[in-house]
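Student: Build me a model from this:
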Amino acid sequence: MKSLTAWFYSVFTAALILGISVIGLQAPRPMIDVRTIPLITHQGGLTPLHPTGEIFNCTQDGLRRIDVILTAIGPSLRAHVTLKLRANSPEGVVLREVRVKPELTHNTPSWASFEFEPVADSRGKTFHFSVEPADEAATSLSPWVRYHGQLGRNDPWGDRYLPADVTHEAEFVSAHANLRALAFPVESMFPSLGTTRLAIFDDPNSKEPIRSSTLSLQDETHLGWAFFSFEPIPESRWKRYYFELDAPEHCRLIGTEDESHRPIPVFKTFHGLELMNSSLRGMTRGTLRQPDRDLVFRAWCEDPPSGVLARLEDRTGGDLWLAAILWCIATAICLRLFVFKDASPTSEVDAPSEEELVPDAAAAD
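Tutor: The predicted structure is shown next:
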């Protein structure tokens with residue numbers, strides 16, 4: 001390939017890739033997109049007494065839609081769910097109320113979309129939304145939760161119920177620093193019917209825990225993960241800890257069995273510190289605020305076709321197109337060097353002589 005032609009193809013291909021990328025930025029994007037891949041913990045069935053919600057800051061005008069991931073944990077797949085959008089907090093004025101019947105498959109997470117009349121002046125304001133059952137069947141729907149921090153120990157959902165009204169014990173090694181929470185799968189947990197308490201020890205013979213956590217009345221859980229949060233334990237990496245979990249009457253944990261066929265609890269450990277400089281203000285259960293976790297949700301605003309591109313240009317201080325040009329030049333150079341290369345010279349092959357063309361039979365004569 002000639003040098004000039006190779007450069008033309010290189011520049012054209014780089015410009016084409018850049019153009020396709022810019023076209024992709026014209027599609028609408030959610031203002032907030034809480035992502036957890038794969039999904040790790042779900043909260044358990046919805047309850048009308050203490051609705052699950054989230055507080056967040058809106059950075060755009062025209063808040064118009066909220067999506068929440070739900071999973072059917074019971075037999076009911078055709079249930080109505082209500083979303084209430086409030087100003088500022090769970091105690092705020094209700095601004096919008098939407099009732100939908102999400103399309104769900106058993107044990108398969110799916111997005112439930114709640115669309116409402118846009119809030120024209122939503123930029124710079126704080127909102128709260130809650131999701132609650134609109135009919136009795138919706139109590140078998142569970143939203144998903146993202147806990148702040150890294151996942152350490154990650155046991156799967158268990159395969160059997162553990163006895164209630166007993167104290168469950170286990171030991172584990174912390175994989176990261178700043179151990180700050182344990183989560184247990186439960187069939188039912190009703191703190192109103194008895195104290196549910198987790199105690200963490202650094203010595204199996206110690207009588208005084210180094211951390212403890214007690215669930216509040218709003219932490220009632222049905223077929224979900226119950227979180228026990230506590231002040232982070234500094235320098236916990238690779239250290240061994242022991243816990244005792246008091247499961248009172250009417251509280252059944254979900255676990256498995258060890259090699260000796262003894263029933264044991266399964267659990268997840270979480271490490272790390274809380275989010276900084278985020279639009280997310282934490283999950284709510286009724287009026288209880290839980291700033292150490294968030295619902296897995298998306299918030300959409302009225303965004304013009306070039307809204308994403310405009311925000312990128314604004315956040316880069318006007319250097320977006322300079323960066324795009326430099327990227328295009330660098331990509332063209334790479335294409336020229338490694339794709340549209342000059343043809344390598346071939347070695348000349350000597351033509352056969354007349355003697356080599358003479359048949360063997362003629363040579364024998």
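
Student: ok, the residue lying closest to residue 121 once chain neighbours are set aside - how many residues close by?
Tutor: Spatial nearest neighbour of residue 121, excluding adjacent residues (Cβ to Cβ, 6 or more residues apart in numbering): residue 61 at 6.2 Å. Glycine gets a C-beta too; all of them are placed from N, C-alpha and C. Other residues lying near residue 61 total 17 when counted by other Cβ atoms under 10 Å.

Student: And residue 132, by the same measure?
Tutor: Count around residue 132 with other Cβ under 10 Å applied: 19.

Student: returning to that earlier point: next, the residue nearest to residue 121: secondary structure please.
Tutor: coil (DSSP: H, G, I helix; E, B strand; the rest coil).

Student: hang on, isn't it packed against residue 302?
Tutor: Yes - between residue 61 and residue 302 there is a contact under Cβ atoms under 8 Å: 6.9 Å.

Student: and the gap between residue 161 and residue 185?
Tutor: With distances taken as Cβ to Cβ, to the nearest Å, residue 161 is found 10 Å from residue 185.

Student: Check residue 291 too.
Tutor: Distance from residue 291 to residue 185, by Cβ to Cβ: 23 Å.

Student: quick one: the residue nearest to residue 121 from residue 122, how far?
Tutor: With Cβ to Cβ as the criterion, residue 61 and residue 122 are 6 Å apart.

Student: hey, what's in contact with both of the two?
Tutor: The contact sets of residue 61 and residue 122 overlap at residue 301 (Cβ atoms under 8 Å, 6 or more residues apart in numbering).

Student: Could you check how far the single longest strand found in the chain is from the centre of its chain?
Tutor: Ranked by number of residues, the top strand in the chain under DSSP state E is strand 221-233. On the basis of Cα atoms, centre = their mean, to the nearest Å, strand 221-233 sits 17 Å off its chain's mean C-alpha point.

Student: partners of that strand in the sheet?
Tutor: strand 179-189 (antiparallel) (DSSP bridges).

Student: could you point out which element follows the partner strand?
Tutor: strand 197-201 (DSSP states H and E).

Student: Parallel or antiparallel, list what pairs with that next one.
Tutor: Checking strand 197-201 against DSSP bridges gives partners strand 211-214 (antiparallel), strand 240-247 (antiparallel).

Student: and of those strands, who's closest to residue 232?
Tutor: Proximity to residue 232, assessed across the strands paired with strand 197-201 by Cβ to Cβ, is greatest for strand 211-214 (9.0 Å).

Student: Name the residues of that closest one that are buried.
Tutor: 211, 213 (16 or more other Cβ atoms under 10 Å).

Student: do stretch 106-125 as well
Tutor: Those would be 109, 112, 114, 118, 119, 122, for stretch 106-125 by 16+ other Cβ under 10 Å.

Student: Could you tell me which of these belong to strands?
Tutor: Filtering the buried residues of stretch 106-125 for strands - DSSP E - leaves 112, 114, 118, 119.

Student: Hmm, the second one is touching residue 80, no?
Tutor: When you say that, I think you mean residue 114. No - counting by Cβ under 8 Å, residue 114 stays clear of residue 80, with 11.7 Å between them.

Student: Return every residue with contacts to both of the two.
Tutor: Shared contacts of residue 114 and residue 80, counting by Cβ under 8 Å, 6+ apart, come down to residue 100.
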